[in-house]
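Enquirer: Structure for this input, please:
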Amino acid sequence: MIKNYLKIAFRNIILQKGYSLINITGLAIGITACVLILQYVSFELSYENFQVNKDRIYRVQQDRYDNGKLSTQWAAGAFAVGNSFKDAIPEIEDYVKLVQQGQVTTEVDNEPTKIEKVFFASSAFFNIFTYPLIAGEKNNALKEPFTIAVSETTAKRIFGTTNIVGKRMDLDRKGNFTITAVYKDAPVNTQLKPDILISYDTYVKMNGPDNNPETAWSWDGCLTYLLLRKDADIKGVEKKFIPIVEKATGAEYKKLNAAVTYLLQPLTDIHLYSNYMMEPAPNGDGKTIYLLLGIAFFIVIIAWVNYINLATARAITRAKEVGVRKAIGSQRRQLVIQFLSESALLNGFALLLALILVVIAIPGFNAISGHQLSFSLLSNFNFWISLAVLFVAGVFLSGLYPAFVLSRFNPVEVLKGNTGGIKQHALLRKSLVVFQFTASLFLLIGTVIVYQQIQYMRRQSLGINVDQTLVVNRPGVGIDSTFLQKMTAFKQELQQQNTIGNITVSTSIPGQAVDWNAGGIKLVGADESTQKQYRVIGMDYDFIKTYGLKLIAGRAFSKDFGSDKNSVIFNRKAAEQLGFNKPEEAIGKKIDFWGEQYIIEGVAENFHQQSLREAYEPLILRLIPDVSGYLSVKVNPAQTKQTIAAVKAGWNKFFPGNTFDYFFLDDHFNNQYKADQRFGQVFGLFTGLAILVACLGLFGLASFTTLQRKKEIGIRKVLGAPVLSILNLLYREFALLLLIAFAIAVPVAAFSTSQWLQGYAFRMQMHWVYFVLPFIAIIAIALITVSFQTIKAAVANPVKSLRTE
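Expert: Purely as a prediction, here's the structure:
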């Protein structure tokens with residue numbers, strides 16, 4: 001019987017080639033889009049899933065308050081947190097501390113080699129996190145000072161083998177470190193991908209006995225991860241933090257009118273729901289992921305709606321078939337199975353086509369999204385589960401309603417030619433068309449607004465000149481008492497080149513968060529409760545001039561004033577935070593800065609240190625003549641290669657043992673927008689697919705509608721109706737549906753996009769054009785789609801359509 005059902009279903013598909021092709025193509029595109037997005041979303045949601053203890057690992061996150069107002073949020077908090085909490089809270093089984101070291105330099109074949117991701121890690125690291133060891137013992141790997149564990153790739157890169165336990169390795173020429181373990185490389189789906197782990201006791205030793213971080217509550221920068229017991233109550237543990245923190249910091253912070261709180265972040269939530277200061281790696285965006293997931297289901301639902309629309313629209317032509325079948329004894333159950341068989345066969349063909357499209361689309365999707373889906377996903381069990389679920393859902397959701405509609409016809413009535421009852425389903429078809437174009441219009445408006453926001457951010461003045469700026473990463477080797485002398489000689493030698501302009505050194509550069517956070521800063525003589533937090537950039541004399549900062553009061557640093565070594569420049573935001581409404585009022589005032597006094601010599605206009613997603617921060621520009629940091633060199637773009645070669649030669653001469661690691665600042669700054677651009681591209685791609693699928697359905701529906709009204713059109717033409725009148729008749733119905741879709745989509749899109757824009761400190765103004773233009777585009781696309789059939793019907797010879805009457 002099943003074989004017979006499938007045979008008849010196959011014949012019907014062949015008989016209606018056009019409609020079958022529309023359905024199969026639409027379903028295949030919908031399934032392809034859905035599968036690609038599901039794999040993308042699945043990857044984003046898989047972060048830290050490889051960790052055996054993932055459900056019990058929590059990161060301690062720090063919130064700081066000034067005058068009762070949240071001022072900063074940190075991924076890394078005080079150093080004393082881990083050991084203090086562990087000693088006092090029995091629900092904590094163990095803890096690990098991580099301190100970001102940044103990059104270090106070692107030598108391979110007498111050539112300096114940079115290693116980027118280096119952390120100090122306490123001894124419990126390998127007991128808490130799942131990084132299997134290739135060599136060494138996890139309980140002893142990071143126990144002693146000046147011991148390190150290295151990743152498999154780093155071991156092979158430096159030594160050519162992983163058999164290196166017991167060997168010594170020099171880092172930044174600061175002494176030899178003993179290798180005690182080699183661990184497997186971290187998978188892609190984790191925030192922590194260390195190349196080298198240095199024992200935390202090394203960090204303690206380097207700071208000396210007078211600066212023991214284990215007791216430091218006002219010293220930030222330590223990532224603390226807790227391993228909780230299985231029965232631990234998370235909220236209960238957080239409540240136990242409060243008296244511990246109050247006892248350690250309460251008296252001091254009360255004087256400053258400040259406060260600090262600590263919260264727990266589940267390890268598996270960090271990638272999508274954490275974007276705090278001192279994150280060890282860039283994170284994703286949970287809202288974006290679920291928005292893409294919504295788009296995936298929109299597209300596949302639109303494809304299923306196409307099938308329902310076309311199947312119910314064809315009910316008139318299949319009514320007699322149903323009548324005959326019922327007349328010769330077919331039961332309704334059998335007819336339902338028959339029509340579901342057709343749905344299964346169509347969905348099956350669409351699934352096969354979708355598999356081919358997925359394989360073809362993977363490279364292009366990777367290029368747009370920035371992710372690395374591979375053909376290995378074809379061997380992924382979850383991939384086939386996704387396909388199976390889409391197939392079963394497609395068969396029943398798209399096939400069940402038409403099957404029940406078609407199988408309920410009264411054989412006596414339909415064989416008499418009475419199909420009036422079918423018209424009651426026209427309302428459903430119209431409703432589904434409205435849904436399709438509401439969804440398409442919503443997505444198109446979203447695409448336009450995402451694009452406009454990205455363009456808005458890129459067009460805005462940064463208030464700082466990042467063009468034609470070559471930046472060399474800070475040196476790690478040779479930072480000693482002769483550093484200022486070497487840097488001065490290096491800059492003088494470079495400036496003899498006519499292709500090189502201003503040169504400066506600073507602790508931070510535009511395009512990245514300022515990692516120097518200074519709390520407790522106030523005016524000299526002011527009450528301690530007025531102390532606030534500021535971000536600080538250390539710089540030499542030439543920073544203001546090199547980056548073209550605009551001073552709105554006072555002057556820049558100058559070697560002509562010996563007192564400038566104790567001077568600072570505030571940005572407008574910092575001056576306002578200090579209590580000055582007029583920038584000039586701040587000039588000459590003294591501030592307390594960690595036990596020392598500095599004079600405010602100037603106030604600079606606010607500038608965008610980071611992307612326009614971030615608000616202006618209160619910045620202090622502090623003069624440090626011998627500052628060690630990023631080297632920024634203004635270059636002539638016409639002779640870039642020669643300039644780079646000259647800078648490299650001088651770098652190797654004055655700072656031997658350091659890698660020459662450079663980049664151009666405008667590229668570095670624009671990298672902040674890559675995630676937004678990729679999101680916009682992915683959003684736009686799948687919006688286009690949604691519109692394509694909707695138009696395929698509309699084309700099929702228009703074809704069938706004009707076919708049903710062929711005789712009506714013929715009679716109207718015989719009675720003298722012009723072609724434009726007939727086109728107006730056929731267009732009117734679809735235009736009305738699009739207007740209804742517009743009325744529904746606009747308020748939903750306006751609310752959704754305004755919520756999305758709240759994530760940007762600097763955002764574009766909403767304009768009616770962003771809603772009307774997508775509507776005009778959708779109308780144009782829809783009318784062009786419908787026109788293929790309507791014009792053909794309107795200009796057809798009426799004799800041919802009426803000859804059977």
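Enquirer: and the end-to-end length of stretch 191-205?
Expert: By CA to CA, to the nearest Å, the extent of stretch 191-205 from end to end equals 27 Å.
Enquirer: Please apply the same query to stretch 59-77.
Expert: End-to-end distance for stretch 59-77, by CA to CA: 10 Å.
Enquirer: got the buried residues for that stretch?
Expert: For stretch 59-77, a neighbour-count test (16 or more other CB atoms under 10 Å) marks 59-66, 71-72, 74-77 as buried. All C-beta atoms are positioned from the backbone trio N, CA, C, and that covers glycine.
Enquirer: can you put those residues in TSV and add pLDDT and distance to Tyr547?
Expert: Listed next are the buried residues of stretch 59-77 as TSV, based on pLDDT from 0 to 100; distance: CB to CB, whole Å:
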residue	pLDDT	distance to Tyr547
Arg59	97	35
Val60	97	36
Gln61	96	33
Gln62	95	31
Asp63	94	32
Arg64	89	29
Tyr65	88	32
Asp66	83	28
Ser71	85	26
Thr72	87	24
Trp74	92	27
Ala75	94	28
Ala76	93	28
Gly77	91	32
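Enquirer: of those residues, closest to Tyr598?
Expert: Using CB to CB, Asp66 comes nearest to Tyr598 of these, at 20.0 Å.
Enquirer: and which of the buried residues of stretch 59-77 is nearest to Gly680?
Expert: Ala75 (27.0 Å).
Enquirer: ok, so what distance separates that closest one from Val389?
Expert: As judged by CB to CB, to the nearest Å, Ala75 and Val389 stand 36 Å apart.
Enquirer: residue ranges with poor pLDDT in the stretch 551-700 of the chain?
Expert: Nowhere does the stretch 551-700 of the chain drop to pLDDT under 70.
Enquirer: one more time with 90, if that's ok
Expert: For the stretch 551-700 of the chain, the stretches flagged by pLDDT under 90 are 559-565, 594-595, 625-626, 628, 636-642, 655-659, 672-700.
Enquirer: Run through the helices of it in chain order.
Expert: Taking DSSP state H, counting those that start in this stretch to define them, one finds helices in the stretch 551-700 of the chain at 572-578, 640-654, 665-670, 674-708.
Enquirer: what do you get for the stretch 151-300 of the chain?
Expert: Using DSSP H, counting those that start in this stretch, the helices assigned to the stretch 151-300 of the chain run over residues 152-159, 200-207, 234-255, 270-273, 286-313.
Enquirer: now those in CSV, with distance to Phe762, mean pLDDT and mean neighbour count?
Expert: Listed next are these as CSV, based on distance: least, CB to CB, whole Å; pLDDT from 0 to 100; neighbours: other CB atoms under 10 Å:
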stretch, distance to Phe762, mean pLDDT, mean neighbour count
helix 152-159, 40, 93, 18
helix 200-207, 38, 91, 18
helix 234-255, 32, 88, 14
helix 270-273, 23, 94, 20
helix 286-313, 19, 83, 22
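Enquirer: would you turn those helices into TSV with distance to Asn606?
Expert: Shown next, in TSV, are the helices of the stretch 151-300 of the chain (distance: least, CB to CB, whole Å):
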stretch	distance to Asn606
helix 152-159	41
helix 200-207	35
helix 234-255	29
helix 270-273	29
helix 286-313	28
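Enquirer: of those, which approaches Leu27 most closely?
Expert: In terms of CB to CB, the element of the helices of the stretch 151-300 of the chain nearest to Leu27 is helix 286-313, at 4.8 Å.
Enquirer: Packing partners of the closest one?
Expert: When contacts are defined as 3 or more CB pairs under 8 Å, 6 or more residues apart in numbering; DSSP states H and E, helix 286-313 packs onto helix 17-45, helix 270-273, helix 332-369, helix 381-407, helix 426-459, helix 674-708.
Enquirer: thinking again about what came up before, of all the helices of the stretch 551-700 of the chain, which one is nearest Ala526?
Expert: Nearest to Ala526 among the helices of the stretch 551-700 of the chain is helix 572-578; the distance by CB to CB comes to 9.0 Å.
Enquirer: which helices and strands sit right next to the closest one?
Expert: Using 3+ CB pairs under 8 Å, 6+ apart, helix 572-578 is in contact with strand 532-539, strand 596-604, strand 619-623.
Enquirer: can I get those in a markdown table with distance to Thr215 and mean neighbour count?
Expert: Converted to a markdown table, the helices and strands packed on helix 572-578 look like this (distance: least, CB to CB, whole Å; neighbours: other CB atoms under 10 Å):
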| stretch | distance to Thr215 | mean neighbour count |
| --- | --- | --- |
| strand 532-539 | 22 | 22 |
| strand 596-604 | 23 | 20 |
| strand 619-623 | 28 | 22 |
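Enquirer: which residues touch the closest residue to Tyr290 other than its chain neighbours?
Expert: Leaving aside its sequence neighbours, Tyr290 sits nearest to Val41 (CB to CB, 6 or more residues apart in numbering; 8.0 Å). Contact analysis of Val41 by CB atoms under 8 Å, 6 or more residues apart in numbering lists 289-290, 292-293, 296.
Enquirer: same deal with Thr447?
Expert: Residues near Thr447 by CB under 8 Å, 6+ apart: 680, 683-684, 687, 774.
Enquirer: residue ranges with poor pLDDT in the stretch 401-550 of the chain?
Expert: Where the stretch 401-550 of the chain drops to pLDDT under 90, the residues are 401-437, 439-440, 458, 474-485, 495-499, 513, 515, 517-520, 527-533.
Enquirer: same thing but 80
Expert: Residues of the stretch 401-550 of the chain that meet the criterion pLDDT under 80 lie in 401-429, 476-480.
Enquirer: From Met169, how far off is Thr32?
Expert: Using CB to CB, we find Thr32 at a distance of 49 Å from Met169.
Enquirer: Quick one: work out the angle between the lengthiest strand in the chain and helix 200-207.
Expert: Ranked by number of residues, the top strand in the chain under DSSP state E is strand 92-108. Relative orientation of strand 92-108 versus helix 200-207 (axes from the mean of the first three to the mean of the last three CA atoms, to 10 degrees): 70 degrees.
Enquirer: in its sheet, what does strand 92-108 sit against?
Expert: Sheet pairing of strand 92-108 (DSSP bridges) gives strand 111-121 (antiparallel), strand 220-228 (antiparallel).
Enquirer: Among these, which comes closest to Lys522?
Expert: Nearest to Lys522, of all these, is strand 220-228, at 18.9 Å by CB to CB.
Enquirer: ok, residues contacting the closest one?
Expert: So strand 220-228 is in contact with 53, 56-60, 62, 74-79, 81-82, 85-86, 91-100, 124, 127-129, 213, 234, 237, 264, 267, 278, 280, 517, going by CB under 8 Å, 6+ apart.
Enquirer: So among those, which ones count as buried?
Expert: The neighbour-count test (16+ other CB under 10 Å) marks 53, 56-60, 62, 74-79, 81-82, 85-86, 91-100, 124, 128-129, 213, 237, 264, 267, 278, 280, 517 as buried among the contacts of strand 220-228.
Enquirer: Could you tell me which of these belong to strands?
Expert: Within the buried ones among the contacts of strand 220-228, residues falling in strands by DSSP E are 57-60, 62, 74, 77-78, 92-100, 264, 517.
Enquirer: where does the closest residue to Arg678 other than its chain neighbours fall, phi/psi-wise?
Expert: For Arg678, ignoring the flanking residues on the chain, the nearest one in space by CB to CB, 6+ apart is Gly370 at 5.0 Å. The phi/psi pair for Gly370 (degrees, to the nearest 10) reads phi 80, psi 0.
Enquirer: Check the burial of Gly370 by counting its neighbours.
Expert: 13 (other CB atoms under 10 Å).
Enquirer: Help me confirm that it comes into contact with Asp676.
Expert: No: with contact defined as CB atoms under 8 Å, Gly370 does not reach Asp676; the gap is 11.5 Å.
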